[in-house]
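Participant: below is the structure, and that's it, no one-letter string:
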Ligand SMILES: Cc1cc2nc3c(=O)[nH]c(=O)nc-3n(C[C@H](O)[C@H](O)[C@H](O)COP(=O)(O)O)c2cc1C
């Protein structure tokens, strides 16, 4: 069975660099022996996490839907923007809600286990948002018990990093992306 890989960005901004990176990842993966799902968090809108709300009515429907989406895939690529050296509130809120979804008698954090995560970031600076990747790694690995690949891509100077075909202009970025995606596909195979 070919591995299934889910791709999304932690931004829903029109013209988002990270949505562009996610789209490129989906395009590159589609050339390989995997099934790719590219989604937008726009389609999984959730209220800000609130314990009282959860107590009264449980996780929102979108969190349950996205949790099931994660469970249906063997690998996940997240393109994560950097906000004040961390991840976006949108991404954190989404990951937090998913961590609260527990269906039937399944163990906690099911959406984060039995699959592999790869991370990327794009920022219009010289660090390419790598601090957001460190923060995201902490949330996924330490918080949620996920397996996150050590190799990651940080696209620097994002405003000019993509060409008119939405490919990465610089060979060092393109090469890094190929390497990260190669590892993601290889690792996802173990769960397929
Ligand atoms: C509240 C806020 C904080 C930000 N902090 C950082 C930062 O720490 N480092 C950085 O490289 N860019 C920072 N930025 C710039 C974002 O990386 C930039 O807006 C980027 O385009 C967001 O990703 P997107 O294009 O995928 O929406 C910040 C932007 C906002 C709105």
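Facilitator: Everything's here; your move. On a predicted model such as this, the values are computed, not experimentally measured, just so you know.
Participant: so residue 85 sits against residue 133, correct?
Facilitator: No: with contacts counted by CB atoms under 8 Å, residue 85 stays clear of residue 133, the gap being 10.8 Å. Any C-beta I mention is one placed from the backbone N, CA and C, and that applies to glycine too.
Participant: hmm, what's the outermost residue in this structure?
Facilitator: Among the C-alpha atoms of the chain, the one most distant from their mean position (CA atoms, centre = their mean) is that of residue 56, at 29.0 Å.
Participant: ok, that residue - contacts?
Facilitator: Residues counted as contacts of residue 56 (CB atoms under 8 Å, 6 or more residues apart in numbering): none.
Participant: pretty sure it sits in a helix.
Facilitator: Yes: counting by DSSP: H, G, I helix; E, B strand; the rest coil, residue 56 is part of a helix.
Participant: list the buried residues for stretch 93-104?
Facilitator: Buried residues in stretch 93-104, defined by neighbour count with 16 or more other CB atoms under 10 Å: 93, 94, 95, 96, 97, 98, 99, 100, 101.
Participant: look at the fourth one and give its secondary structure.
Facilitator: Under three-state DSSP, the three-state class of residue 96 is helix.
Participant: I figured it was touching residue 50, is that so?
Facilitator: No: taking contacts as CB under 8 Å, residue 96 lies outside contact range of residue 50: 10.6 Å.
Participant: thinking again about what came up before, between residue 85 and residue 133, which one's more packed in?
Facilitator: For residue 85 versus residue 133, neighbours defined as other CB atoms under 10 Å are more numerous around residue 133 (22 against 12).
Participant: helix or strand for that one, which one?
Facilitator: Assigned by DSSP states H and E, residue 133 falls within helix 130-137.
Participant: that helix - what's its average pLDDT?
Facilitator: The average pLDDT for helix 130-137 rounds to 98.
Participant: so what touches it?
Facilitator: Taking CB under 8 Å, 6+ apart as the rule, helix 130-137 contacts 10, 78, 80-83, 85-88, 91, 119-121, 123, 148, 152, 154.
Participant: perfect, I'm done here.
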